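Chemist: Have a look; sequence and predicted model below, questions after that.
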Amino acid sequence: MRRWIVGLGLAALFSWSAVQVVGFYRQHWPSIVRLPAITAAAMRRHHAQPVVLSAVSPWFLKALIATEDRTFYTNLGVSLQGIVRSFWVDLQEGAYVQGGSTITQQLVRDQLLTTKKTFRRKLSGALLALAVTARYPKPEILDLYVNQVYLGNGYWGVGSAARGYFGTSARRLSPAQAAVLAGLPQAPSALDPLVHLRAARQREWVVLENLVAIRALTPARAHQIFRMPLHLVRHS
């Protein structure tokens with residue numbers, strides 16, 4: 001009940017009435033319930049290689065959360081600070097340019113919404129993320145996300161990306177390889193290490209700095225990892 005109250009309170013911030021919010025949830029609840037099935041279907045369409053969360057490198061999971069959503073395990077599916085910052089930047093720019101999405105919001109956007117940047121989509125994404133967090137445990141949300149996220153070069157999910165870029169499994173990713181993959185959701189095509197290696201390495205360093213910021217790495221260890229070879233698989 002507390003989560004629904006929070007959801008209604010956040011909706012009020014966007015000037016929606018309680019009746020509208022209840023109607024929204026009633027309309028979208030079937031999709032929320034079917035989210036795992038919807039995600040699985042998307043993975044089959046994209047020929048993704050599914051992996052269970054326990055078979056994913058802890059380095060990748062730490063780097064992903066540090067970079068995409070540091071409060072993932074404690075937030076309600078949205079970051080109020082991120083939403084406010086996003087709308088403020090959009091207002092200043094006069095266009096929808098700022099992301100500010102949590103991992104849960106990204107999952108909802110990818111599987112239940114469109115990628116078109118509009119105020120209504122942002123609001124819908126926030127409300128759906130609240131409902132998804134209320135229904136599913138965090139490990140399941142993270143499992144769905146890492147298996148469906150686009151990581152460039154036609155690779156959907158960490159399993160496919162690990163094989164495609166490095167010829168290894170998601171479990172055996174090195175710290176450097178994990179940092180590269182964790183940096184890709186921001187701009188998977190522009191940061192594709194097979195095409196834009198320099199940009200990918202620059203992003204890798206940003207990810208390592210994020211790990212230092214949350215004290216998962218020391219600065220010395222981050223520099224050591226950054227010097228590791230990536231062992232990219234070159235495709236003809």
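Modeler: In hand now; what should we look at?
Chemist: make it CA atoms for all contacts and neighbour counts henceforth
Modeler: Will do.
Chemist: what residue ranges in this protein score low on pLDDT?
Modeler: Residues of the chain that meet the criterion pLDDT under 70 lie in 1-18, 82-100, 236.
Chemist: now the helices for it?
Modeler: 2-13, 18-33, 35-45, 58-68, 80-93, 103-112, 119-135, 138-148, 157-166, 175-182, 197-213, 219-226 (DSSP state H).
Chemist: who does the fourth one touch, helix- and strand-wise?
Modeler: Yep, that's helix 58-68 we're talking about. helix 175-182, helix 197-213 (3 or more CA pairs under 8 Å, 6 or more residues apart in numbering; DSSP states H and E).
Chemist: repeat for the second one
Modeler: With contacts taken as 3+ CA pairs under 8 Å, 6+ apart, helix 18-33 sits against helix 2-13, helix 119-135.
Chemist: Tell me which other helices or strands the last one touches.
Modeler: Under the contact criterion of 3+ CA pairs under 8 Å, 6+ apart, helix 119-135 touches helix 2-13, helix 18-33, helix 103-112.
Chemist: can you rerun that using 6 Å?
Modeler: When contacts are defined as 3 or more CA pairs under 6 Å, 6 or more residues apart in numbering; DSSP states H and E, helix 119-135 sits against helix 103-112.
Chemist: what's the spacing between the helix it packs on and its chain's center?
Modeler: 8 Å (CA atoms, centre = their mean, to the nearest Å).
Chemist: With adjacent residues omitted, what lies nearest to Pro193?
Modeler: Ala200 (5.2 Å; CA to CA, 6 or more residues apart in numbering).
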